[in-house]
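Asks: Kindly generate the corresponding structure for this input.
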Amino acid sequence: MSSNHIYLATLCRYYVKDYGYRLITVTSIFNKELEPVGAVKVDGYVLNQFSMDEYNGYFRVVTYDTSREENKVNGLYIYDLNTLKIVGSIKENLGEGKQSVKSVSFNKDKCHVVTYETKDPLYEIDLSDVTNPKIVSVYKAPGYSGYLKNFEINGESYLFGLGYLDDQCFTKISIYKETEEGSIQIGEDFVMSDIYASNIVDLKLESFNRDEFLNHKSLFIYQEEDKLYLGWKVEYEKYYIFEIDVNSEEKVSVYKTIDMKDRYEKLQIGYGVYYR
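Replies: Numbers count the residues shown, from 1 in each chain. From the prediction side, this is the model:
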């Protein structure tokens, strides 16, 4: 949703001779009064709502389809909302080989896309010329970010990414900064695991709540001057608040923990007394 429109994406499959089944996403567009504006069709699958965006009268969307040939799996498409016609696109080299989209973040004239198969390239895309979107930088790192979020500190643009290292046993928080040369990572990954501890683990978890790790609905974000705070239930019985300080040598640290087990037991006792 935007302040002007509601977008509803529906995935379909269609058969193309010599290619087999292909994916197509039909996005229906409604205005604020829920009246239909029209629909656009785009090749591929829309990962989630963060893959779609409206800005300055244009609809932007990132899709993927692993049935396509290498280096053409992912695409970015821009539509004019007045005509619903495509005005610009990137159909090649958004991802290497068979890498597919893992996360997308739009921010005004910028778009960041993470793709992954064996390596995590973070793509920064310039959308200022809607007829000619351009990939301006590619930053490669182990693993991938499954969720990206933009934020600003003292007028400079950053992103944090939540994701996994290559073996999927370790989860991470990564911080990226937009520079003149493109987006780059600053500091080291903050790594968490409940599988086993090693010299790369910053936080050993007793009971990792993997279902909530990439759930943006459970993530609390609060900014105070030049620091950003992330809060969510990383463990089943413990709530964590992380501090992001881009000006510190340690970019990510645990700011506070809240024991949910004690609180839950107290609630149970209270409920039992009330019930009787």
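Asks: Report the residue spans of the stretch 51-200 of the chain with pLDDT below the cut-off.
Replies: Within the stretch 51-200 of the chain, the stretches with pLDDT under 70 are 118, 197.
Asks: how about a cut-off of 90?
Replies: 66-69, 117-120, 141-143, 165-170, 193-200 (pLDDT under 90).
Asks: Show me the helices in the protein, by range?
Replies: With helices called from DSSP state H, the chain shows them at 210-213, 260-275.
Asks: what's the least confident stretch among these?
Replies: In terms of mean pLDDT, the lowest-scoring of these is helix 260-275 (a mean of 51).
Asks: Let me see the ranges of the strands in the stretch 1-150 of the chain.
Replies: 5-16, 20-31, 36-43, 52-55, 58-64, 74-80, 86-90, 100-107, 110-116, 120-126, 134-141, 144-153 (DSSP state E, counting those that start in this stretch).
Asks: Any chance of TSV for these, columns mean neighbour count and distance to Lys204?
Replies: All C-beta atoms are positioned from the backbone trio N, CA, C, and that covers glycine. Output for the strands of the stretch 1-150 of the chain, formatted as TSV (neighbours: other C-beta atoms under 10 Å; distance: least, C-beta to C-beta, whole Å):
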stretch	mean neighbour count	distance to Lys204
strand 5-16	12	39
strand 20-31	15	40
strand 36-43	15	43
strand 52-55	20	38
strand 58-64	23	34
strand 74-80	22	35
strand 86-90	17	41
strand 100-107	23	25
strand 110-116	24	25
strand 120-126	22	23
strand 134-141	16	22
strand 144-153	19	21
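Asks: want to try CSV for these, with distance to Lys261 as columns?
Replies: Formatted as CSV, the strands of the stretch 1-150 of the chain follow (distance: least, C-beta to C-beta, whole Å):
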stretch, distance to Lys261
strand 5-16, 40
strand 20-31, 43
strand 36-43, 47
strand 52-55, 39
strand 58-64, 40
strand 74-80, 43
strand 86-90, 48
strand 100-107, 32
strand 110-116, 34
strand 120-126, 35
strand 134-141, 35
strand 144-153, 27
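Asks: so what's Gly182 up against?
Replies: Counting by C-beta atoms under 8 Å, 6 or more residues apart in numbering, Gly182 touches 124, 136-139.
Asks: Swap in 10 Å and give it another go.
Replies: 122-124, 126, 135-139, 176 (C-beta atoms under 10 Å, 6 or more residues apart in numbering).
Asks: which one of these is nearest Ile90?
Replies: Relative to Ile90, the closest of the contacts of Gly182 is Ile135; by C-beta to C-beta it sits at 6.8 Å.
Asks: And the closest one, how close does it get to Ser183?
Replies: 11 Å (C-beta to C-beta, to the nearest Å).
Asks: which of the contacts of Gly182 lies closest to Tyr64?
Replies: Comparing these against Tyr64 with C-beta to C-beta places Tyr123 closest, at 12.7 Å.
Asks: If the spatially closest residue to the closest one that is not a sequence neighbour is in a bridge, with which residues?
Replies: Nearest residue to Tyr123, sequence neighbours excluded (C-beta to C-beta, 6 or more residues apart in numbering): Val113, at 4.5 Å. Beta-bridge pairing for Val113 (DSSP bridges): Val104, Tyr123.
Asks: Please report the distance of Val113 from Tyr144.
Replies: Separation of Val113 from Tyr144 (C-beta to C-beta) stands at 11 Å.
Asks: what's the overlap in contacts for the two?
Replies: Residues touching both Val113 and Tyr144 by C-beta under 10 Å, 6+ apart: 102-103, 121-122.
Asks: from the residues you listed, which two are the most distant?
Replies: Spatially, the most separated pair among the shared contacts of Val113 and Tyr144 is Ser103 and Pro121, at 11.7 Å (C-beta to C-beta).
Asks: So for the two, which residues contact both of them?
Replies: Common contacts of Ser103 and Pro121, defined by C-beta under 10 Å, 6+ apart, comprise 113-115, 144.
Asks: Let me have the residues you listed in CSV, adding distance to Asp211 as columns.
Replies: Shown next, in CSV, are the shared contacts of Ser103 and Pro121 (distance: C-beta to C-beta, whole Å):
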residue, distance to Asp211
Val113, 25
Val114, 21
Thr115, 24
Tyr144, 18
